[in-house]
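Student: Here is my input, please return the structure:
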Amino acid sequence: MLNLDKLKSPSLDINNLDFSQIGKLVIQYQSVVKIILLAASLLLTAGMYNSYRLQEQALHTKIAQEQDKIQAIKSQQKVLDKLNHFKSSIQKELNVFDLVTLISNDAKLSSTSIASYSPGQNADKDLYSTVNVHFDVVSDNFKDMMVFLRKIERSEFPFIINSWSGNESSDGKISFSLDISAVHIHS
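Tutor: Now for the predicted structure:
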């Protein structure tokens with residue numbers, strides 16, 4: 001066993017160290033020196049590992065935060081792309097002349113004729129505006145009238161048929177009146 005009294009021997013003077021004395025002491029207490037060096041190595045290794053582990057945790061946390069930011073930026077870009085696509089898909093604003101031209105073309109394609117038209121009261125709201133026109137239309141038969149109305153309803157432009165009324169004359173021709181609005185969404 002280790003005798004601690006020998007370590008306190010008066011022959012060891014710290015101010016006048018002799019390396020030969022130190023060498024003798026190291027050899028004499030070789031097992032104690034090995035244990036102290038092993039313990040110091042283990043403590044140093046544990047400290048280095050703990051420092052590395054803390055740095056690694058901080059790095060992983062920072063990587064996760066950056067990945068969240070990247071995901072948020074990608075999501076924002078997708079939303080902006082969808083918004084821009086939506087805005088580009090909104091039809092241009094129609095004026096009365098454009099509306100009359102489009103309805104007249106639909107009438108020609110469905111063998112009906114526009115007898116007269118008159119602009120109505122336009123409305124300008126916060127989110128949208130409307131252009132209103134009243135049409136008096138004549139059709140040779142019911143089928144042509146229905147084709148004309150379906151063309152208006154299925155138009156690529158946002159048309160609304162506000163009112164419709166008609167009658168059939170004795171010769172089979174159908175006269176009807178339409179109030180049509182073209183809606184423009186403000187972007």
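Student: next structured bit after the helix ranked longest in the chain?
Tutor: Taking DSSP state H as the criterion, the chain has its longest helix at helix 30-89. Beyond helix 30-89 on the C-terminal side, the first helix or strand identified by DSSP states H and E is helix 96-109.
Student: Average the pLDDT values over that next one and round to the nearest integer.
Tutor: For helix 96-109, mean pLDDT rounds to 88.
Student: go on, stretch 141-157?
Tutor: Mean per-residue pLDDT for stretch 141-157: 88.
Student: With only the CA atoms kept, save it in PDB.
Tutor: C-alpha atoms of stretch 141-157 as PDB (Å, rounded to 0.1, in the frame of the first residue of the first chain):
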ATOM      1  CA  ASN A 141     -86.800  29.800 -82.700                       C
ATOM      2  CA  PHE A 142     -86.500  28.700 -79.100                       C
ATOM      3  CA  LYS A 143     -83.400  26.500 -79.800                       C
ATOM      4  CA  ASP A 144     -81.400  29.400 -81.200                       C
ATOM      5  CA  MET A 145     -82.400  31.500 -78.200                       C
ATOM      6  CA  MET A 146     -81.200  28.800 -75.800                       C
ATOM      7  CA  VAL A 147     -77.900  28.500 -77.700                       C
ATOM      8  CA  PHE A 148     -77.300  32.200 -77.400                       C
ATOM      9  CA  LEU A 149     -78.100  32.300 -73.600                       C
ATOM     10  CA  ARG A 150     -75.800  29.300 -73.000                       C
ATOM     11  CA  LYS A 151     -72.900  31.000 -74.900                       C
ATOM     12  CA  ILE A 152     -73.300  34.000 -72.500                       C
ATOM     13  CA  GLU A 153     -73.400  31.700 -69.500                       C
ATOM     14  CA  ARG A 154     -70.300  29.700 -70.500                       C
ATOM     15  CA  SER A 155     -68.300  32.700 -71.700                       C
ATOM     16  CA  GLU A 156     -64.700  33.000 -70.500                       C
ATOM     17  CA  PHE A 157     -65.700  36.500 -69.200                       C
END
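Student: So what are the structural domains in the chain, by residue number?
Tutor: Using automatic domain parsing, the domain parsing of the chain gives 17-89, 96-185.
Student: Tell me which of those is the most buried.
Tutor: Stretch with highest mean neighbour count among the domains of the chain: domain 96-185 (a mean of 15; mean count of other Cβ atoms under 10 Å). (Each C-beta comes from the backbone N, C-alpha and C, glycine too.)
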